[in-house]
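> I would like the atomic coordinates for the input below:
(one chain, ligands or ions: 1)
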Amino acid sequence: MLPNVTSDASAFVEKAYDYVIIGGGTAGLALASRLSDNPNITIGVLEAGQDRSDDPTIRLAGGWLVSAFVPGAEFHWPFETTEQTHAAGQKVDVHRGKVLGGTSAINALMWTRASKAEYDALVELGNPGWSFDELLPYFKRSQAHTPQENNIIPGTGTLSPSQGSYGPVKTSFNTWYSSLIKPFLAAAATLSIPLNSDPNSGNMVGMNNVTRMVDNEDGTRSHSGAAYLPRTAGRNNISVLVGAYTTKIAIAKEGHELVAKQVHFDVDGTNHVVRANEEVILSAGAYQTPQILELSGIGKTSVLSKFGIETLLELPVGDNLQEQLLISTNASLTDEAVSNLSVDPFIEGLQPEPGKDAAATNTSGPFISVPIRSATSSSEHAEFVALLNSYLADESLTPLERAQFTIQRRWLSSADSSNVAELLCEFSCMPGLAGLPLADGRVTLWNPVAHLHPTSRGSVHINSPDPFAQPSIDPKFLSRAYDMKAFLQALRLREKIIRAPPLDSMITQSAIPPSSVQTDEEVEAFIKANITTFAHPVGTAAMAARNLGGVVDQNLKVYGTRNIRVVDASIIPLQISATPASTVFAIAEKAADIILATTS
Ligand SMILES: Cc1cc2nc3c(=O)[nH]c(=O)nc-3n(C[C@H](O)[C@H](O)[C@H](O)COP(=O)(O)OP(=O)(O)OC[C@H]3O[C@@H](n4cnc5c(N)ncnc54)[C@H](O)[C@@H]3O)c2cc1C
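Reported below is the predicted structural model:
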């Protein structure tokens with residue numbers, strides 16, 4: 001068990017805490033750990049999941065395919081969306097981590113950072129202090145990277161100035177690469193896609209090798225519990241209660257402000273109450289932070305009144321949900337290519353080194369991330385601009401949407417912002433999925449494809465006054481035509497890569513989507529029927545100016561409250577072109593400095 005973790009609720013509530021953090025996940029534990037550096041303040045964390053840091057499924061990075069997806073696994077919240085009317089009525093699985101470490105304990109380990117323009121946009125949305133340059137020290141403070149020359153993307157053997165070397169989260173590169181990677185990169189190079197050896201520098205575009213949250217000393221996952229709790233060993237000012245499900249924050253009105261006094265939580269059917277002397281901080285993730293705010297009376301009256309909840313504070317909690325779409329593609333290989341494949345030694349059944357499970361920790365290989373302008377003809381590009389212009393002409397847009405689309409149009413059009421990627425074609429080295437047989441025996445090249453900056457805006461809201469009921473999650477996938485058009489371009493990009501030399505000579509045909517899917521109409525029908533999520537929801541308690549529709553200010557304080565903050569992926573107001581965990585850690589690191597500056 002990790003230090004300062006307890007399952008004794010009675011002992012936990014005997015004390016009051018200066019700071020009560022709801023959610024011992026990615027952000028929650030990083031924040032708690034940093035706050036505990038001040039010995040004069042006390043921190044109590046409520047986490048619904050258990051400490052399973054010793055379970056191989058959590059400890060060994062390759063376990064995520066079980067912990068995140070296997071039905072009935074105790075490590076995730078088995079959430080699904082509402083029926084997605086623009087995606088063939090599907091309900092899409094949108095699981096989240098329910099375990100100490102949260103989603104960082106079950107995710108796919110990729111540690112990527114978006115481009116400078118995307119963090120600078122945070123300032124434009126009303127958040128001074130959040131530019132790329134101002135966030136960079138926090139990115140670095142969270143990370144200890146082990147560079148490794150790996151012969152995939154040259155130039156990765158030394159630590160770049162944009163990577164951290166002494167932080168709690170250990171990052172490294174894969175220990176095994178498929179022999180298909182080099183032909184894949186060579187094919188992408190024929191499309192003038194540049195190599196990018198330092199995607200953390202504020203430019204994500206090109207072919208970049210993905211860093212993983214893996215400690216390459218022992219092949220273990222560096223999730224927020226394993227990374228941030230050991231540094232609290234021996235401290236008595238921090239306590240993390242597991243198995244504790246928060247049901248409500250008790251909030252009082254004092255003058256014009258709301259003040260959080262206590263947090264109610266459930267352990268095995270018994271209600272408990274813990275007192276917060278200074279602040280209550282929500283770190284329950286992009287789906288459950290809004291749920292808890294709404295259950296506590298902060299949100300939209302149009303939602304709360306349906307369930308008999310008095311609105312203490314009117315804020316657009318739960319709106320502005322932005323989620324990236326992903327589809328897996330597979331290409332069938334020639335017999336010769338199959339016979340020349342290198343095979344992951346773990347999959348081959350070879351014994352990993354004692355104490356290591358190295359091959360099972362391998363995650364994505366290179367990302368190919370490109371802006372729409374570099375993947376389309378000028379007339380196709382003009383159609384994207386026209387679509388954004390038509391959205392901006394819509395008077396029913398919210399102020400936040402208007403501000404976001406203005407920024408997105410600039411990214412789409414301006415050469416200065418050409419390093420904001422929208423289309424992603426990923427090469428995966430995950431066990432069993434890279435050049436290895438699928439369930440039906442076919443050996444394929446596996447490339448997930450994603451659209452990174454959707455224009456669809458959805459919501460997550462309570463669906464019941466029952467705190468244990470799953471909130472209603474509606475990302476409104478593909479509800480704006482731009483997103484379908486962009487996804488089509490992402491699939492076309494992948495098609496161009498597999499049809500380019502030298503990769504083309506190794507591939508017989510596309511297996512998924514089948515080669516019979518050719519016209520735009522056929523590809524669109526395929527997309528609608530096969531859409532899944534990249535599992536990166538953001539924006540549901542957006543950090544933005546209040547008059548734009550923000551829920552929290554630049555200090556992460558909920559508007560209109562004296563002492564309620566949000567510190568997790570919910571605050572990211574506009575989707576980023578990266579996997580979000582490293583940004584969530586940077587948010588937690590910065591939040592710690594903001595809060596510690598108010599303490600003595
Ligand atoms: C399958 C999958 C793969 C992913 N792959 C990647 C990847 O490779 N790279 C990447 O960067 N990102 C990835 N992500 C996304 C990324 O991990 C998350 O966006 C990020 O970790 C979210 O951090 P958070 O702090 O906002 O929330 P979380 O880490 O989810 O923390 C929320 C915590 O709050 C707890 N909680 C919720 N409700 C309550 C309650 N009522 N009471 C008490 N506790 C509660 C939860 O149990 C959880 O521990 C992936 C996500 C998934 C699901």
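
> tell me the residues of the stretch 451-600 of the chain that contact the ligand?
Listed as neighbours of the ligand in the stretch 451-600 of the chain under the rule Cβ under 6 Å from any ligand atom: 535, 536, 568, 569, 579, 580, 581, 582, 584. Any C-beta I mention is one placed from the backbone N, CA and C, and that applies to glycine too.

> I'd say the first one and residue 94 touch.
Yes - taking Cβ atoms under 8 Å as the definition, residue 535 is a contact partner of residue 94 at 6.7 Å.

> overlap in contacts of the two?
Overlap of the contact sets of residue 535 and residue 94 (by Cβ atoms under 8 Å, 6 or more residues apart in numbering) is empty.

> which ones are touching residue 129?
123, 554, 590.

> most surrounded residue in the residues you listed?
residue 590 (24 neighbours; other Cβ atoms under 10 Å).

> got the residues of the stretch 51-200 of the chain near the ligand?
Within the stretch 51-200 of the chain, the positions near the ligand by Cβ under 6 Å from any ligand atom are 68, 95, 96, 97, 98, 102, 103, 104, 107, 108, 109, 110.

> most neighbours of all the residues of the stretch 451-600 of the chain next to the ligand, which one?
If you count neighbours using other Cβ under 10 Å, the busiest of these is residue 568, which has 32 neighbours.

> need phi/psi at that one.
Backbone dihedrals for residue 568, given as degrees, to the nearest 10, come out at phi -170, psi -170.

> scan this structure for its longest strand.
As assigned by DSSP state E, the longest strand anywhere in the chain is strand 270-282.

> that strand and the ligand in contact?
No - Strand 270-282 is not in contact with the ligand by Cβ under 6 Å from any ligand atom; minimum separation 8.9 Å.

> for that strand, packing partners?
Applying 3 or more Cβ pairs under 8 Å, 6 or more residues apart in numbering; DSSP states H and E, one finds that strand 270-282 contacts helix 9-14, strand 17-22, strand 245-254, strand 257-267, helix 285-295, strand 564-566, helix 581-596.

> per-residue confidence averaged over that strand?
Strand 270-282 carries an average pLDDT of 98.

> may I have the strands that pair with it, each with its orientation?
strand 17-22 (parallel), strand 257-267 (antiparallel), strand 564-566 (parallel) (DSSP bridges).

> residue 201: which of those strands is closest?
With Cβ to Cβ as the criterion, residue 201 lies closest to strand 564-566 of the strands paired with strand 270-282, at 28.7 Å.

> identify the residues contacting that closest one?
The list of residues contacting strand 564-566 from outside it, by Cβ under 8 Å, 6+ apart, reads 249, 251, 258, 260, 279-283, 289, 298, 541, 551-552, 555-558, 591, 595.

> whichever of those end up buried, select them in ChimeraX.
To isolate the buried ones among the contacts of strand 564-566 in ChimeraX, judged by 16 or more other Cβ atoms under 10 Å, type:
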select :249,251,258,260,279,280,281,282,283,289,298,541,551,552,556,557,558,591,595
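
> wait, is residue 136 part of a helix?
Yes - under DSSP: H, G, I helix; E, B strand; the rest coil, residue 136 falls within a helix.

> might you report the residue contacts of the residue nearest to it when sequence neighbours are not counted?
The shortest distance from residue 136 to any non-neighbouring residue, by Cβ to Cβ, 6 or more residues apart in numbering, is to residue 162 (6.7 Å). Going by Cβ under 8 Å, 6+ apart, residue 162 touches 113, 136, 139, 140, 198, 200, 201, 202.

> who does the helix or strand containing residue 401 touch, helix- and strand-wise?
Using DSSP states H and E, residue 401 falls within helix 399-413. Under the contact definition 3+ Cβ pairs under 8 Å, 6+ apart, helix 399-413 sits against helix 116-124, helix 372-375, helix 378-392.

> out of the ones you listed, the one nearest residue 444 is which?
Closest of those to residue 444 is helix 372-375, at 23.3 Å (criterion: Cβ to Cβ).

> contacts for that closest one, please.
Contacts for helix 372-375 (Cβ under 8 Å, 6+ apart): 192-193, 205, 381, 384, 412-413, 418, 422-423, 486, 489, 492-493.

> so which of these sit within strands?
Per DSSP E, strands hold the following members of these: residue 423.

> from the ligand, how far out is residue 228?
As judged by Cβ to the nearest ligand atom, to the nearest Å, residue 228 and the ligand stand 12 Å apart.

> kindly indicate whether residue 469 is helix, strand or coil.
In three-state terms, and counting by three-state DSSP, residue 469 is coil.

> before we move on, back to that, can you redo the helices and strands packed on helix 399-413 as CSV with mean pLDDT?
Formatted as CSV, the helices and strands packed on helix 399-413 follow (pLDDT from 0 to 100):
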stretch, mean pLDDT
helix 116-124, 97
helix 372-375, 92
helix 378-392, 97
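
> pull the distance from stretch 533-546 to the chain's centre.
Mean-position distance between stretch 533-546 and its chain equals 10 Å (Cα atoms, centre = their mean, to the nearest Å).

> how far away from the center of its chain is the longest strand of the chain?
Distance of strand 270-282 from its chain centroid, counting by Cα atoms, centre = their mean, is 27 Å.

> same thing with stretch 222-233?
19 Å.

> pretty sure residue 521 is in a helix, no?
Yes - counting by three-state DSSP, residue 521 is part of a helix.

> what about it, distance to residue 287?
Distance check for residue 521 against residue 287: by Cβ to Cβ, to the nearest Å, it reads 34 Å.

> residue boundaries of the strands in the stretch 451-600 of the chain?
Using DSSP state E, counting those that start in this stretch, the strands of the stretch 451-600 of the chain run over residues 459-461, 472-474, 507-512, 532-533, 564-566.

> mind putting these in a markdown table, mean pLDDT, distance to residue 59 and mean neighbour count included?
Formatted as a markdown table, those follow (pLDDT from 0 to 100; distance: least, Cβ to Cβ, whole Å; neighbours: other Cβ atoms under 10 Å):
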| stretch | mean pLDDT | distance to residue 59 | mean neighbour count |
| --- | --- | --- | --- |
| strand 459-461 | 98 | 31 | 25 |
| strand 472-474 | 98 | 29 | 20 |
| strand 507-512 | 92 | 32 | 17 |
| strand 532-533 | 94 | 26 | 18 |
| strand 564-566 | 98 | 29 | 27 |
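
> could you dump these to CSV with distance to residue 27?
Shown next, in CSV, are the strands of the stretch 451-600 of the chain (distance: least, Cβ to Cβ, whole Å):
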stretch, distance to residue 27
strand 459-461, 17
strand 472-474, 19
strand 507-512, 35
strand 532-533, 20
strand 564-566, 9
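
> which among those is found nearest to residue 575?
Evaluated over those, closeness to residue 575 peaks at strand 532-533, with 12.3 Å, by Cβ to Cβ.

> pull up the pairing partners for that closest one, direction included.
Looking at strand 532-533 with DSSP bridges, its partner strands are strand 325-333 (antiparallel).

> wait, does the strand it pairs with contact the ligand?
No - applying Cβ under 6 Å from any ligand atom, one finds strand 325-333 separated from the ligand by no less than 10.0 Å.

> got the angle for that strand vs strand 507-512?
150 degrees (axes from the mean of the first three to the mean of the last three Cα atoms, to 10 degrees).

> ok, residue 521 and residue 287, which is more surrounded?
Neighbours per residue, other Cβ under 10 Å: of residue 521 and residue 287, the larger number sits with residue 287, 22 against 9.

> was I right to think that one contacts residue 471?
Yes - under the criterion of Cβ under 8 Å, residue 287 makes contact with residue 471 at 6.0 Å.

> common neighbours of those two, please.
Counting by Cβ under 8 Å, 6+ apart, the common neighbours of residue 287 and residue 471 are residue 460.

> give me the residues contacting stretch 188-207.
Here stretch 188-207 makes contact (Cβ under 8 Å, 6+ apart) with 112-116, 132, 139, 153-156, 160-163, 185, 208-209, 211, 366-371, 374, 418-421, 425, 493, 496-497, 500-501, 577-578.

> thinking again about what came up before, tell me how far the residue nearest to residue 136 lies from residue 452.
Distance, residue 162 to residue 452, using Cβ to Cβ: 20 Å.
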